[in-house]
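Visitor: From the sequence below, what's the structure:
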Amino acid sequence: MGVVTPPTDRTPKQDRSRATRRRLLEAAVACLAEHGWAGSTVSVVAERAGVSRGAAQHHFPTREDLFTAAVEYVAEERSAALRTLPVQGRAAVVAALVDLYTGPLFRAALQLWVAASNEASLHPRVSELEARVGRETHRIAVELLKADESRPGTRETVQGLLDMARGLGLANVLTDDTARRRRVVAQWAALLDDALD
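Guide: Just a heads-up that it's a prediction; the model follows:
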């Protein structure tokens, strides 16, 4: 997530509104990843984004609106980036897919999942969001891997890769697991070559 230049008075109102919304979404993901659900309030996010609490609530009336929109926004950005990934072999694709689960977005999503498991008002929204993001990630993985899902076992093989990537992301939450992750990614790429060709 890059640095966003604050809008000037010469920026059209609609563009300023979009820029404010984007800053709030990026700040919300960063706050969730760094402070967890309990430490991420609308006020904390608004301050980080450089806007008033009222401006934040204008765009997102509830805390749940803000954080589910934030995770969805960044997931869509990551999906767009994955779609433009230059295909350099399965190892690069596997590494890119695993990277989805080891950065700030995954940490933020994880905090949202934990909160949703305990908060009835958040649970259906996060469940629906996770299902949608999961389907889209699976579709992108199939495209990037050039996998033929009409072949028996291919769908499960691709889903197994994504489940493994999520597990590597969980392992990385508490400790830096980079060295082991590289070896696992190389092995999965080799397994996929055998399974998908």
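Visitor: rest of the way, CA atoms for contacts and neighbours
Guide: OK.
Visitor: Could you point out the helix or strand that follows the helix or strand harbouring Gln14?
Guide: Assignment of secondary structure by DSSP states H and E places Gln14 within helix 13-35. Of the helices and strands lying after helix 13-35 in sequence (DSSP H and E), the nearest is helix 42-49.
Visitor: Residues touching that next one, excluding its own?
Guide: Where contact means C-alpha atoms under 8 Å, 6 or more residues apart in numbering, the residues beyond helix 42-49 that reach it are 20, 23-24, 26-28, 31, 52-53, 55-57, 63, 66.
Visitor: so Val94 makes contact with Leu191?
Guide: No. With contact defined as C-alpha atoms under 8 Å, Val94 does not count as touching Leu191 (10.9 Å).
Visitor: May I see the buried residues of the helix or strand encompassing Gly134?
Guide: Counting by DSSP H and E, the element that carries Gly134 is helix 123-145. For helix 123-145, a neighbour-count test (16 or more other C-alpha atoms under 10 Å) marks His123, Val126, Leu129, Glu130, Val133, Thr137, His138, Ile140, Ala141, Val142, Leu144, Leu145 as buried.
Visitor: Can I get the residues you listed in CSV including pLDDT and distance to Ala75?
Guide: Listed next are those as CSV, based on pLDDT from 0 to 100; distance: C-alpha to C-alpha, whole Å:
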residue, pLDDT, distance to Ala75
His123, 91, 18
Val126, 88, 13
Leu129, 87, 10
Glu130, 88, 10
Val133, 87, 7
Thr137, 90, 9
His138, 94, 13
Ile140, 91, 12
Ala141, 92, 14
Val142, 93, 17
Leu144, 89, 17
Leu145, 91, 20
